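[1] this one's sequence-less:
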């Protein structure tokens, strides 16, 4: 293909992606706005209308567009799927499915990139390289391979065109958000979300950063033989390829597999809670994506932690603030909960502490009904975010959202295994 | 005989006060009546405990107690802590006071204790005893005292306020929660009486443990009052120790109801899980209490002290003239030695 033709193809593809994204955005916006205009024209209250069917239809269209265009849009869906504080539940439920719907790229594309990155033919580095990926995600996929020295490894390969796709799609999304915020009198705060996503993506796309994260977590747990972080093969890792020790284990939510291996499910649930509590509240640096594919269990139980693309350093005092929030919820102390919200960086539109108090009361009531044992479970974070959507809290700290997502993922694993994590036990609150 | 039956609401009832207690800007429980501090939820709880104790005495039964001789002194002790503050080494003291507040707060977990049906487990009638009121207000009052409730702070918040007043709102070290972690809550107690229902034995051990910890906390109160009341190192030598004194006063009913309940069990007969055997409460309670006491007085505090010692040494290393300061610090050590778990002197005393 000539350079000109290649350039034309790139521009055409960019135009096609931008058009498809703009079309989807327009459909979504009109589907939301037309009924409001109609209601107002007839003198009815638009807020009295039930929007759940409209939300669902919109979410389905966004999901279809994302699975067609892949790349950044899948990532956006995954992010929206975790932001129940901002988006209605129909969006959250539908778009969270994007996590499991990532088709792999052809092996030829992957091979070309690995050879380019390692500056060697594949055969010169690997004795074997499985063309079928072990897993594929929005930015990369992972292959099983054996190095020429015989070591079994997992090779994580970034999609070759992903940086370009991310750049193009981010620009399209930003334009759409600017137009949307200009025309909508009460817009959702989408631009800050986009800024945050852009920041995270820049980090995630640099695999050297992921390697650093893995090494940091390994160092944090160097004295804990129950935590396994695969060894990185630095000689065969670059900004777009990571070669690491292949570590066996059972997926954390594979109940049947764990039982067959004689692993106590309660110990898995409590151990996971304990590890992430240590990272979040004790050490201030944590792996922010403990979905079941990223945590494998070995007999013991020992916990194999994979994929450090999303890891986060928390600001000073955040761990203690989070502890105070959970602890005050457990002990039904509304006043302490209000202080914890403020210390964590939640902000209300009016600055009225009564907003926090209402949310605190609602969460405590829900906690007492559900007999919570101190965990920030999926149900409790749903309750919090539902309250926040209804009350005028304008700022939820992004670190809190990330942490809440981690606890929700862990509570999902616990739910599948039939156990209940006890946050306070793992903090030493058991005599 | 004095009244022995109380409702949950009665046991949670406050003495009316003229003025609420504010600690560090936080509304706390309790308050002031005629200028004197009044502990929360004591309108009926204190008279109730007194009447249950009188009943025990009238039946010729002793109240269990633990020997104070083995209460380990707080580490670092008052002169050592004062030296650290004077030399600007504040983190160990801040960490210590913060941990005390968190541990106090965890005391609220007593309300989660799944008590067995004691009317079934105990041969004799338990009506009109502290035992019969544990889940009927005593645990709840204890929990609220420790961690606060609704719009009022409890001991956790009062300790935090005392720390912030005395040390002028110090920066909290990042590793304060890490100091409590490490275990995963999987540890199980060794069964001493396998013939008893596990939940019964677990409950007795829990009560014994909390009682001993509460009694051992006496030294912590004295340490904190001395340090936070010392004008040479405290920013609020009047307000900060006063808060600690209030907490100390609030704790008294905790120790008393726990002693009473354990003594009542001791004076009764327990059924085995299969219902075929009967065990003397005295034998069960004494052995469990003694086992707990041996552990709490020996290995546990020795381990904790070693951890704190390590953290203090690291903090001292960061100071100019580190070696000299370390020597001065060590010279102020109380020389306390922890008894071994099998020390014959660690026996339960019944009063």
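    Received, thanks. These numbers were taken from a predicted model, which means no experiment stands behind them.

[2] Chain A: strands as residue ranges?
    According to DSSP state E, chain A carries its strands in the segments A:126-136, A:140-147, A:152-158, A:227-228, A:241-245, A:250-251, A:285-287, A:295-298, A:302-305, A:311-313, A:347-348, A:393-395.

[3] is it possible to export those strands to TSV including mean neighbour count and distance to chain B?
    (C-beta placed from N, C-alpha, C; glycine too.) Formatted as TSV, the strands of chain A follow (neighbours: other C-beta atoms under 10 Å in any protein chain shown; distance: least, C-beta to the nearest C-beta, whole Å):
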stretch	mean neighbour count	distance to chain B
strand A:126-136	15	28
strand A:140-147	20	30
strand A:152-158	22	28
strand A:227-228	19	12
strand A:241-245	22	25
strand A:250-251	20	19
strand A:285-287	23	11
strand A:295-298	22	14
strand A:302-305	20	11
strand A:311-313	19	12
strand A:347-348	16	18
strand A:393-395	15	20
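
[4] Distance to residue A:60 for those - can I get that in JSON lines?
    Shown next, in JSON lines, are the strands of chain A (distance: least, C-beta to C-beta, whole Å):
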{"stretch": "strand A:126-136", "distance to residue A:60": "22"}
{"stretch": "strand A:140-147", "distance to residue A:60": "26"}
{"stretch": "strand A:152-158", "distance to residue A:60": "29"}
{"stretch": "strand A:227-228", "distance to residue A:60": "40"}
{"stretch": "strand A:241-245", "distance to residue A:60": "35"}
{"stretch": "strand A:250-251", "distance to residue A:60": "28"}
{"stretch": "strand A:285-287", "distance to residue A:60": "32"}
{"stretch": "strand A:295-298", "distance to residue A:60": "30"}
{"stretch": "strand A:302-305", "distance to residue A:60": "34"}
{"stretch": "strand A:311-313", "distance to residue A:60": "31"}
{"stretch": "strand A:347-348", "distance to residue A:60": "33"}
{"stretch": "strand A:393-395", "distance to residue A:60": "29"}
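
[5] for those strands, which one sits closest to residue A:67?
    Closest approach to residue A:67 among these is made by strand A:126-136 (12.7 Å; C-beta to C-beta).

[6] which neighbours does the closest one have in its sheet, and in what orientation?
    Paired neighbours of strand A:126-136 in the sheet (DSSP bridges): strand A:140-147 (antiparallel).

[7] what residues are up against residue B:30?
    By C-beta atoms under 8 Å, 6 or more residues apart in numbering or on different chains, the residues touching residue B:30 are B:17, B:21, B:37, B:38, B:39, B:40, B:246, B:250.

[8] rewinding a little: possible to save the strands of chain A as TSV with mean pLDDT?
    Below are the strands of chain A laid out as TSV (pLDDT from 0 to 100):
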stretch	mean pLDDT
strand A:126-136	93
strand A:140-147	95
strand A:152-158	96
strand A:227-228	96
strand A:241-245	97
strand A:250-251	93
strand A:285-287	95
strand A:295-298	96
strand A:302-305	97
strand A:311-313	91
strand A:347-348	78
strand A:393-395	61
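
[9] Find the closest residue to chain B in chain A.
    Using C-beta to the nearest C-beta, the closest approach of chain A to chain B is made by residue A:425 at 3.0 Å.

[10] Neighbours of that residue, how many?
    Neighbour count of residue A:425, defined by other C-beta atoms under 10 Å in any protein chain shown: 21.

[11] For it, give its distance to residue A:271.
    Distance from residue A:425 to residue A:271, counting by C-beta to C-beta, to the nearest Å: 11 Å.

[12] Please apply the same query to residue B:309.
    Distance, residue B:309 to residue A:271, using C-beta to C-beta: 29 Å.

[13] next one: residue A:146
    Distance, residue A:146 to residue A:271, using C-beta to C-beta: 31 Å.

[14] ok now do the residue nearest to residue B:216 when sequence neighbours are not counted, which residues does it touch?
    Closest residue in space to residue B:216, ignoring its immediate chain neighbours: residue B:71 at 5.1 Å, by C-beta to C-beta, 6 or more residues apart in numbering or on different chains. Residues in contact with residue B:71 (C-beta under 8 Å, 6+ apart) are B:215, B:216, B:218, B:219, B:297.

[15] let's see 7 Å
    Taking C-beta atoms under 7 Å, 6 or more residues apart in numbering or on different chains, we find residue B:71 in contact with B:216, B:218, B:219.

[16] What pLDDT is listed against the closest residue to the second one other than its chain neighbours?
    Nearest residue to residue B:218, sequence neighbours excluded (C-beta to C-beta, 6+ apart): residue B:71, at 6.6 Å. We have a pLDDT of 85 for residue B:71.

[17] give me the number of residues near residue 289?
    Just so you know, I chose chain A. 24.

[18] right idea, wrong chain: chain B
    Other residues near residue B:289 come to 26 when the count uses other C-beta under 10 Å.

[19] ok, it touching residue B:209?
    No. Residue B:289 is beyond contact range of residue B:209, at 9.3 Å (criterion: C-beta atoms under 7 Å).

[20] show me where the stretch 1-150 of chain B has helices.
    For the stretch 1-150 of chain B, the helices defined by DSSP state H, counting those that start in this stretch cover B:8-11, B:45-58, B:78-86, B:91-106, B:118-121, B:139-147.

[21] any idea of the mean pLDDT for stretch A:50-65?
    Across stretch A:50-65, the per-residue pLDDT values average to 91.

[22] Any idea how far it is from the middle of the chain?
    Put simply, stretch A:50-65 sits 21 Å off its chain's centre (C-alpha atoms, centre = their mean, to the nearest Å).

[23] just stretch A:33-53 next, same as before
    That offset, for stretch A:33-53, works out to 33 Å (C-alpha atoms, centre = their mean).

[24] Neighbours of residue A:210, how many?
    24.

[25] Let me know the pLDDT of it.
    95.

[26] same check, this time on the one 5 residues further on
    With respect to pLDDT, residue A:215 scores 95.

[27] residues contacting the residue nearest to it when sequence neighbours are not counted?
    Distances taken as C-beta to C-beta, 6+ apart put residue A:232 closest to residue A:215, at 7.0 Å, once the chain neighbours are dropped. Residue A:232 makes contact with A:211, A:214, A:242, A:244, according to C-beta under 7 Å, 6+ apart.

[28] For residue A:48, see how far away residue B:307 is.
    Distance, residue B:307 to residue A:48, by C-beta to C-beta: 60 Å.

[29] Comparing those two, which residue is more hemmed in?
    The residue with more neighbours, out of residue B:307 and residue A:48, is residue B:307; 12 against 7, by other C-beta under 10 Å.

[30] what's the burial count for residue A:265?
    For residue A:265, the neighbour count with other C-beta under 10 Å is 17.

[31] I'd guessed it sits against residue A:414; true?
    No. At 9.1 Å, residue A:265 and residue A:414 do not qualify as touching, with contact defined as C-beta under 7 Å.

[32] What residues of stretch B:157-170 count as buried?
    Across stretch B:157-170, burial judged by 16 or more other C-beta atoms under 10 Å in any protein chain shown covers B:157, B:158, B:159, B:160, B:161, B:162, B:163, B:164, B:165, B:166, B:167, B:170.

[33] Give me the nearest residue to the last one, chain neighbours excluded.
    Right, the one you point to is residue B:170. Spatial nearest neighbour of residue B:170, excluding adjacent residues (C-beta to C-beta, 6+ apart): residue B:94 at 4.4 Å.

[34] Now do the contacts for the one you found.
    Residue B:94 neighbours (C-beta under 7 Å, 6+ apart): B:163, B:167, B:170, B:172, B:173.

[35] and if you look at residue A:280?
    A:286, A:314, A:319, A:322, A:403.

[36] where does chain B have low pLDDT?
    Where chain B drops to pLDDT under 70, the residues are B:1, B:182-189, B:344-351.

[37] Tell me, how many residues neighbour the closest residue to residue A:191 other than its chain neighbours?
    In space, residue A:191 comes closest to residue A:177 once its chain neighbours are excluded; the distance is 5.1 Å by C-beta to C-beta, 6+ apart. Residue A:177 has 20 neighbours, counted by other C-beta under 10 Å.

[38] again with residue B:276
    8.

[39] Between the contacts of residue B:94, which sits nearest chain A?
    Distance to chain A, by C-beta to the nearest C-beta, is smallest for residue B:172 among the contacts of residue B:94, at 6.1 Å.
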